[in-house]
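# quick one: sequence plus predicted model below, questions after.
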Amino acid sequence: MIRFLSVFQRCEGMMNIVWYRLPVSVSSTCYCRTSYRIYDGGKSYYFVPHRFASSTPVLGCHFFPTKFISATTAWLSRLRKFKVRASGSRQYLPPLFSVAPMMDWTDNHYRTLARLISHHAWLYTEMVVAETIVHQQHNLDKFLEIPEMQHPVVLQIGGSNLSNLAKAAELANAYGYDEINLNCGCPSERVAGHGCFGAQLMLNPKLVGEAMASISANSDVPVSVKCRIGVDDHDTYDKLCTFIDTVASLSPTRHFIVHARKALLKGLSPAENRTIPPLKYEYVFSLIHDFPHLDFTINGGITTVHQVNSALQKGVYGVMMGRAAYNTPWATLGHVDTAVYGVPSPGISRRQILQQYQKYADSVIGKYGTNKPSIRNVVKGLTYPVEERIRLNN
């Protein structure tokens, strides 16, 4: 294996991380699915983080000791192919870690707090119904406006009407989201109980494929699907493969976020649907093997950064965390940049984050009605005692 790495100038927006470009002749084990790829001017480059190269340059290059090769290969297994988003001048690290879309939780106020804690985690909006976007064109800022500091942000939309989904994607373009995601996994009666919507969509993969094609055709950014491993008694691995294959064949969708539980549309509450159906992570890992041209983010039951790293080492494209990132943001998001992305810690304290968030809160209180937002609820995860945060997380 080639042992020298040329220094690559850090990209704007990547904080203080330093990356080293792999030579063209480097072993293929560091290419494609096991390396972090940036597209720049039509050319592809592959990088490894500075912490796997020695601090002493050798003949103008950095030495790459043999003893670090296995460690680097393991680290690179996290950094799969990733195309830098063409959103103005913004560039981001890949979605190794993301915060799940949660209704009534991942609103603008939470996302602002989350971004103050982590610079690189990918954030998702609450689900916004396509019909809401279409029929609220005079008031879109209320539903779609995002501050520049929140990026990267993914807009999750819900619905099954192709024309409304297409129009919603078109209207969302003006707000500069970095990806659009279709909800095919929510078992809540507020979602799945309204016709072919949410998790119910998994029973009609052809419709989902057509929906994703419509969204993509009217959007300037990549698209993705968030789904379960099955619905009710339609929960075999073969049926899941049929869903994935159909959607990918009918649309440009290449990223699937898979909650590794099936959804039971009747008899269980949304909270019970997050705990009672058993986790089947093996389904997601099998998808990675059976669909090597697609990217899979795993979701469900992951509550610590250690579990995130463990899943990444097994080859998933990314890991999505839900309520743990909301209830215990300091214990989760507070370690994402350093432990998952390998970026040096900015050394900011919880007190400093609260002081910064106070400025934001003062600017938005009352903007959308009395007592909106409830700032106290949003920051509880930073101010509660450790024992109480653990209780909430459980």
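Looks like it came in fine. Numbering: from 1, shown residues only.

# where does residue 224 land in three-state SS?
Three-state call for residue 224 (DSSP: H, G, I helix; E, B strand; the rest coil): strand.

# what are the phi and psi values at residue 156?
For residue 156, the backbone dihedrals are phi -100, psi 130 (criterion: degrees, to the nearest 10).

# identify the bridge partners of it.
With DSSP bridges as the criterion, residue 156 is bridged to residue 181.

# surely it is in contact with residue 102?
No. Using CB atoms under 8 Å, residue 156 is not in contact with residue 102; the gap is 9.8 Å. Using the backbone N, CA and C atoms, a C-beta is placed for each residue, glycine as well.

# so the two - more neighbours on which side?
More crowded of residue 156 and residue 102, by other CB atoms under 10 Å: residue 156, with 24 against 19.

# need the overlap of contacts for residue 156 and residue 102.
residue 126 (CB atoms under 8 Å, 6 or more residues apart in numbering).

# which parts of the helix or strand hosting residue 142 are buried?
Using DSSP states H and E, residue 142 sits within helix 140-144. For helix 140-144, the neighbour count (16 or more other CB atoms under 10 Å) marks 140, 143-144 as buried.

# stretch 259-267 too?
Of all the residues in stretch 259-267, those buried under the rule 16+ other CB under 10 Å are 259-265.

# so for that stretch, mean pLDDT?
Averaging pLDDT along stretch 259-267 yields 90.

# span of it from start to end?
The straight-line separation of the ends of stretch 259-267 (CA to CA, to the nearest Å) is 19 Å.

# equivalent analysis for stretch 335-344, please.
11 Å.

# ok, stretch 258-277 next?
Stretch 258-277 end-to-end distance (CA to CA) = 14 Å.

# distance check, the nearest residue to residue 211 once chain neighbours are set aside against residue 212.
Closest residue to residue 211 apart from its sequence neighbours, by CB to CB, 6 or more residues apart in numbering: residue 165 at 5.3 Å. Going from residue 165 to residue 212 by CB to CB, to the nearest Å gives 9 Å.

# now do the shared contacts for the two.
residue 182.

# before we move on, back to that, which residues are in contact with the residue nearest to residue 211?
Residue 165 neighbours (CB under 8 Å, 6+ apart): 130, 157, 159, 182, 211, 214-215.

# same check on residue 258?
226-229, 283-284, 287, 296-299.

# assign it to helix, strand or coil.
Under three-state DSSP, residue 258 comes out as strand.

# show me what it is bridged to.
residue 227, residue 298.

# picking up where we left off before, quick one: residues in contact with the helix holding residue 142.
Against helix 140-144 from outside (CB under 8 Å, 6+ apart): 128, 132-133, 136, 155, 171-172, 175, 368.

# show me which of these is closest to residue 117.
Relative to residue 117, the closest of those is residue 155; by CB to CB it sits at 21.1 Å.

# the closest one reaches residue 176, doesn't it?
No. The criterion here is CB under 8 Å, and residue 155 misses it with residue 176 at 9.9 Å.

# what stretches of the stretch 1-150 of the chain score poorly on pLDDT?
Applying pLDDT under 70 to the stretch 1-150 of the chain flags residues 1-90.

# same deal with the stretch 251-394 of the chain?
Using pLDDT under 70, the stretch 251-394 of the chain drops low at 368-376, 383-394.

# and if we set it to 50?
Applying pLDDT under 50 to the stretch 251-394 of the chain picks out residues 387.

# ok, which stretches of it are strands?
Ranges of strands in the stretch 251-394 of the chain, per DSSP state E, counting those that start in this stretch, are 255-259, 295-299, 318-321.

# which one of those strands lies nearest to residue 116?
Closest approach to residue 116 among the strands of the stretch 251-394 of the chain is made by strand 318-321 (17.2 Å; CB to CB).

# name the helices or strands packed onto that closest one?
Here strand 318-321 touches strand 97-99, strand 295-299, helix 305-313, going by 3 or more CB pairs under 8 Å, 6 or more residues apart in numbering; DSSP states H and E.

# so what strands line up beside it?
In the sheet, strand 318-321 lines up with strand 97-99 (parallel), strand 295-299 (parallel) (DSSP bridges).

# most tightly packed of those strands?
Highest mean neighbour count of the strands paired with strand 318-321: strand 97-99, a mean of 27 (counted as mean count of other CB atoms under 10 Å).

# just the residues contacting it, thanks.
Contacts with strand 97-99, where a contact means CB under 8 Å, 6+ apart, come from 106, 111, 114, 118, 120-124, 154, 257, 297, 308, 318-322, 325-326, 333, 336, 340-341.

# ok, residue 182 touching residue 214?
No. Using CB under 8 Å, residue 182 is not in contact with residue 214, being 10.1 Å away.

# more neighbours, these two?
Using other CB under 10 Å, the more surrounded residue of residue 182 and residue 214 is residue 182, with 28 against 22.

# what separation do you get for that one and residue 259?
In this view, residue 182 and residue 259 are 14 Å apart by CB to CB.

# quick one: common contacting residues for these two?
Counting by CB under 8 Å, 6+ apart, the contacts common to residue 182 and residue 259 are residue 226.

# tell me, how many residues neighbour the closest residue to residue 357 other than its chain neighbours?
Distances taken as CB to CB, 6+ apart place residue 113 nearest to residue 357, at 5.5 Å, with adjacent residues excluded. By the measure other CB under 10 Å, the count of residues near residue 113 is 23.

# does residue 113 touch residue 380 like I think?
No. The pair residue 113 / residue 380 is not scored as a contact, 10.6 Å apart, by CB under 8 Å.

# the residue nearest to residue 211 belongs to a helix?
Yes. Assigned with three-state DSSP, residue 165 falls within a helix.

# please renumber the chain so that the first residue is 5 from this point on.
Yes, from this point I'll number from 5; that puts the last item at residue 169.

# on that earlier part again, which one of the buried residues of stretch 263-271 is nearest residue 366?
The shortest gap between residue 366 and any of the buried residues of stretch 263-271 belongs to residue 263, at 36.6 Å (CB to CB).
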